[in-house]
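# kindly generate the corresponding structure for this input.
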Amino acid sequence: MQRIAAIIPSFNSSRFIVKLIKEILRERDISQIVVVDDSSPDGTFRLVEKKFGRNKRVKLIVRRKKGGRGSAVVEGFTYALKNKNIDFLIEMDADFAHKPSDIPRFIEKASEFDAVFGSRYLKNGGTINYSLPRRIFSFLANSFISLILGISITDYTSGFRCYKRLVLESIDLSSIRSRGFIALSEIAYKIHKKGLRIGEIPIKVVYFEENESNFNFREIADAFVGILKIRFAKD
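Take a look at the predicted model:
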C-alpha cells in the first residue's frame, strides 16, 4: 500500500473545494489532504473547516494573508512530511482544473521516476477553456524557461505533480524563494540539479472563469526575472 498526501494551495476556491476534497478522499491510498488557504475573502477556508473539520484525513492551514502559490505549497509539503508514513506527495490546484482520478496514473509512473509532472503538451494532453492570452503566455513561458533551465520536460508551469518523499526531503524546501507559480520551476530545477529523474504524463486541464480572475499579469512579468534568478543563484 502506497500512502499519499495531497497538497492543495487555495485562494477564493469556494465553488470547487468541497467537491474536490470529497473526490480526492475517494481515491485509493490517500492518507492525508493538506489545504493551505491564504484567508480567502470568499470563505474557502470556512467551508473546509465546516465540512471536514472533524475528518482526521483533512488538515486545514490558514495563513493570515496572500503569500502566493509557491510558499503555500512549500508549507503544505513541510507539514505533510512530518508524517513519516507518507510515501508520495501530490500537489494540485484547488479549482478542479486537475482531475483526482488522474492520481493513480501519477503513482504508477512514479515507479519509474523520482518525480512525475502532469503535462498539457504531451500527446493526449491538452487544455479546455484556455484563453488566448494564457495560451500565448504559456507558450512563451515554457519556451523561455526551457532555454534558461534546460530540463527535459515539456510543461514547466503545470501545478499537478507527484513527488516521492525522498525527493522533497533532499532539496531543502526552506530554500525555495519564489512566491508564485514560478516556484514550480524552482523546485523542478533543484530536483534536476540533484540528478533525480523527472517523468511526465499527459493531462487534460479544464479552466473555468474563476481561473481567469486569478491570472496575475504582474506576477507573470516578475516570473521572467525570477527564472534568471533561479538559474544563476549561488548554492
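# what about the closest residue to E23 other than its chain neighbours, distance to L168?
The shortest distance from E23 to any non-neighbouring residue, by C-beta to C-beta, 6 or more residues apart in numbering, is to P100 (4.3 Å). For glycine as for every other residue, the C-beta is placed from the backbone atoms N, C-alpha and C. Using C-beta to C-beta, to the nearest Å, we find P100 at a distance of 21 Å from L168.
# equivalent analysis for R54, please.
Distance of R54 to L168, computed by C-beta to C-beta: 28 Å.
# so which of the two has more stuff around it?
Using other C-beta atoms under 10 Å as the criterion, R54 and L168 rank with L168 on top: 22 against 7.
# which ones are touching the more buried one?
F77, L81, L89 (C-beta atoms under 8 Å, 6 or more residues apart in numbering).
# what subset of those is buried?
Listed as buried from these are F77, L89; burial here means 16 or more other C-beta atoms under 10 Å.
# any chance of the contacts of L168 in JSON lines, plus distance to S13?
Converted to JSON lines, these look like this (distance: C-beta to C-beta, whole Å):
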{"residue": "F77", "distance to S13": "19"}
{"residue": "L81", "distance to S13": "24"}
{"residue": "L89", "distance to S13": "20"}
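# and the next helix or strand past the worst-scoring helix or strand of the chain on mean pLDDT?
Lowest by mean pLDDT, DSSP states H and E among the helices and strands of the chain is helix 209-213, with a mean of 48. Taking DSSP states H and E as the definition, the helix or strand that follows helix 209-213 towards the C-terminus is helix 217-232.
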